[in-house]
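Engineer: Could you look at this predicted model? Sequence included:
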Amino acid sequence: MTTVLNVANLLTILRLILIPVFVTAIYYQRFISALAVFFIAAITDGIDGLVARHFNQKTHLGEILDPMADKLLLVTAFIVLSLPRFTLLPPIPFWLTAAAISRDIFIVLGALVINITTGFSQFRPSLPGKLNTLVQILTITAYLTANAFHLLQDLLPPVYYTTIAMTVFSGIHYIVHVNRLIAERDKK
């Protein structure tokens, strides 16, 4: 049996611990520090999964904590960077933050309702969902880079539109994806 306190889960816990550090750096407008903390947190997202698979460290706790840590990091980043007093540049548009958060809320609530009504619990991430997370991470990274180094400012509007398009597409795709998973289960 794999222990709960393994390297993969410790990396996920580190990502959770870095969230208030990230917010504090933003609050004090230390954008280089915020970028570094966000980058480290984003890297742990990729590494913890690789470690869990490669060293057979998958746990039920990790299955719950990993996506929770991802969502908490991104939701926190979008909210804080949407507030005008915390950034040097105009904040991330609120419509983008609202879309990113709403997508995740609808997915979680939908999964809960589906689980309660049908007993289905085999929700797996989809490729567009993973790409959406990557696009959102890149969006936050680009925005922090623009604040820290005054670079990429002209690229931010196309980045925002790409992010909202991916957010909407991945949300719709997830509905189709889960429907297909339920149909597969019902055939068995």
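Structural biologist: Right, received. Where do you want to start? Nothing here was measured: the structure is a model prediction, and the numbers come from that model. Residues are numbered from 1 along each chain as shown.
Engineer: When you work out contacts or count neighbours from here on, use the C-alpha atoms and nothing else.
Structural biologist: Will do.
Engineer: low-scoring stretches of the protein, by residue?
Structural biologist: Residue ranges of the chain with pLDDT under 70: 1-2.
Engineer: Just the C-alpha atoms of stretch 31-46, please, in CSV.
Structural biologist: The C-alpha trace of stretch 31-46 is given here as CSV (Å, rounded to 0.1, in the frame of the first residue of the first chain):
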residue,chain,number,x,y,z
PHE,A,31,5.5,40.7,-9.5
ILE,A,32,8.9,39.0,-10.1
SER,A,33,8.4,37.1,-6.8
ALA,A,34,4.8,36.3,-7.7
LEU,A,35,5.9,35.1,-11.1
ALA,A,36,8.5,32.8,-9.5
VAL,A,37,6.1,31.4,-6.9
PHE,A,38,3.4,30.8,-9.6
PHE,A,39,6.0,29.2,-11.9
ILE,A,40,7.1,26.9,-9.1
ALA,A,41,3.5,26.0,-8.2
ALA,A,42,2.7,25.3,-11.9
ILE,A,43,5.8,23.1,-12.3
THR,A,44,4.8,21.1,-9.2
ASP,A,45,1.5,20.4,-11.0
GLY,A,46,3.3,18.6,-13.8
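Engineer: which parts of it are buried?
Structural biologist: When burial is assessed from 16 or more other CA atoms under 10 Å, stretch 31-46 yields the following buried residues: 31-39, 41-42, 44-45.
Engineer: Residue 91 reaches residue 79, doesn't it?
Structural biologist: No - at 9.7 Å, residue 91 does not count as touching residue 79 under the criterion of CA atoms under 8 Å.
Engineer: nearest spatial neighbour of residue 73, skipping sequence neighbours?
Structural biologist: residue 19 (6.0 Å; CA to CA, 6 or more residues apart in numbering).
Engineer: give me the element the one you found is part of.
Structural biologist: Secondary-structure element containing residue 19, defined by DSSP states H and E: helix 7-27.
Engineer: Measure how far the longest helix seen in the chain is from the centre of its chain, please.
Structural biologist: In the chain, assigned by DSSP state H, the helix with the most residues is helix 156-187. Taking CA atoms, centre = their mean, to the nearest Å, one finds helix 156-187 lying 14 Å from the centre of the chain it belongs to.
Engineer: Fine by me, thanks again.
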